[in-house]
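Colleague: I would like to see how this sequence folds:
(one chain, ligands or ions: 2)
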Amino acid sequence: MASRLEIKPLDATFGAVVTGIKLAEIDEPTWRELYATWLKYALLVFPGQYLKRDQQIAFAKRFGPLEFEMAAISNVKSDGTLRVEKDNDDVMKILKGNMGWHADSTYMPVQAKGAVFSAEEVPTVGGQTGWADMRAAYDALDEAQKARVDALQAYHSLHYSQSQLGHQTRKSDGEYSGYGLHDGPVPLRPLVKTHPETGRKSLLIGRHAHNIPGVDREEARQFLEGLVDFACRNPRIYHHNWAAGDAVVWDNRCLLHQATPWDMTQRRIMWHSRIAGDPASESAVAA
Ligand code: OGA
Ligand code: MN
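Modeller: Numbers count the residues shown, from 1 in each chain. Ligands and ions are numbered 1, 2, ... in the order given. Have a look, this model is predicted:
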C-alpha cells in the first residue's frame with residue numbers, strides 16, 4: 001500500500017513538515033517510514049493533530065521508553081490562573097531558562113533521546129520554539145576547529161544554567177517539581193556527540209554546558225558561548241510559529257532548542273513527553 005506521508009522539508013539544514021497522517025492512527029509500515037524520516041530530518045512538525053493526552057503518550061512511546069510521560073510547559077497554573085511574570089517564581093525561572101539554547105536532560109546521567117511536544121493554547125504573538133542543527137554546525141567548522149572540539153568535554157548542570165539567570169536553585173519556593181536539580185555527580189560529556197543511529201557527528205553544547213577540563217573557566221565560558229553563537233544561525237535554525245493542535249518530535253541527540261519570549265499576560269500551554277536516551281549512547285562519560 002502506498003504511504004500517505006507527505007514530507008515537506010523546511011528551508012533549513014534540517015526539519016520537515018509532515019502531513020497526510022493522523023499520529024494517533026499510524027500503522028506499522030507508516031511508523032517505520034516516519035521513524036526513518038525523523039532520523040534524517042531530526043525535527044518533524046505535524047500541524048493540526050490535536051493529540052489527546054493518552055494519544056501523545058502512546059505516540060511518544062513508539063520512539064522508546066519515556067523519561068517522563070507528559071509535563072505541562074506553561075505560564076498557566078494547574079488551578080487555571082496565570083502565573084505572574086514579575087513574581088518570578090521557580091516555574092517562571094525555568095520558563096525563562098528554556099529561552100536559552102539547550103538540549104534536554106544533558107544535566108542528568110542519561111541525556112534525552114528526544115521529545116514529543118504539542119501546543120494546546122498559544123499566545124497571539126511570540127512564544128515560538130526554535131531548533132538548531134548541531135550536525136550542520138559541526139560540519140561547518142574548519143578542520144582546526146573540529147580537531148579542537150573533538151578533544152574537549154564539558155560539564156552539564158541545570159544548577160549552573162539557572163544560576164546564570166540569578167535563579168538560586170538550592171532554595172526552592174516549592175512550586176517547581178525540582179526536576180533536574182539533583183545533587184548527584186555533575187555529568188561530563190564530550191563536546192562532539194556521535195549519533196547512535198546515523199553515525200553523524202554533532203556539537204553537544206548549549207546553556208547547561210560549562211567548565212571544560214583543562215581549560216580556564218572564563219576562557220571555557222567564552223569559547224562555549226562563541227560556539228553557540230556560531231552554531232545557532234541560519235541556515236541551521238528554524239523557529240516554529242505554533243498553532244493550537246500542532247505537534248512536533250525532535251531528536252535531542254543532534255539538535256538544540258529554545259523557547260522565545262511572549263506576552264506573559266497571554267496563556268501558553270504546551271505539553272512535553274520526554275523520550276529517554278539509551279544508556280549505551282546517551283550516558284555521560286563520567287561525572
Ligand atoms: C522544553 C523546552 C521550549 C518551549 O519543554 O524542554 O525547552 O518552546 N520548551 O516551550
Ligand atoms: Mn527543553
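Colleague: Check whether W242 sits in a helix, strand or coil.
Modeller: coil (DSSP: H, G, I helix; E, B strand; the rest coil).
Colleague: these two touch, right, it and A119?
Modeller: Yes - shown here, W242 and A119 form a contact pair, counting by C-beta atoms under 8 Å, at 4.2 Å. Every residue, glycine included, has its C-beta placed from N, CA and C.
Colleague: tell me, what's touching those two both at once?
Modeller: Both W242 and A119 are contacted by M270, under the criterion C-beta atoms under 8 Å, 6 or more residues apart in numbering.
Colleague: Point me to the residue of the stretch 151-287 of the chain nearest ligand 1.
Modeller: Going by C-beta to the nearest ligand atom, ligand 1 is nearest to A259 of the stretch 151-287 of the chain, at 3.3 Å.
Colleague: Ok, the stretch 101-250 of the chain next?
Modeller: For the stretch 101-250 of the chain, C-beta to the nearest ligand atom, closest residue to ligand 1: T129, 3.5 Å.
Colleague: Nearest spatial neighbour of C254, chain-adjacent residues omitted?
Modeller: S202 (4.1 Å; C-beta to C-beta, 6 or more residues apart in numbering).
Colleague: give the contact list for L44.
Modeller: L44 touches G15, A16, V17, V18, L34, T37, W38, V248, V249, W250, counting by C-beta under 8 Å, 6+ apart.
Colleague: pull the CA atoms of the helix or strand harbouring it into CSV?
Modeller: Assigned by DSSP states H and E, L44 falls within strand 43-46. Only the C-alpha atoms of strand 43-46 are listed here, as CSV (Å, rounded to 0.1, in the frame of the first residue of the first chain):
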residue,chain,number,x,y,z
LEU,A,43,12.7,17.6,13.6
LEU,A,44,9.2,16.7,12.3
VAL,A,45,6.3,19.1,12.5
PHE,A,46,2.8,17.8,12.4
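Colleague: Let's test this: mean pLDDT of that strand, rounded?
Modeller: Throughout strand 43-46, pLDDT has a mean value of 99.
Colleague: how far out from the middle of the chain is that strand?
Modeller: Remark: strand 43-46 is offset 13 Å from the chain centroid, using C-alpha atoms, centre = their mean, to the nearest Å.
Colleague: try stretch 189-205
Modeller: 15 Å.
Colleague: buried residues in it?
Modeller: Neighbour-count burial for stretch 189-205 flags R189, P190, L191, V192, K193, H195, R200, K201, S202, L203, L204, I205 (criterion: 16 or more other C-beta atoms under 10 Å).
Colleague: first to last residue in that stretch, what's the distance?
Modeller: Terminal residues of stretch 189-205 lie 9 Å apart, using C-alpha to C-alpha, to the nearest Å.
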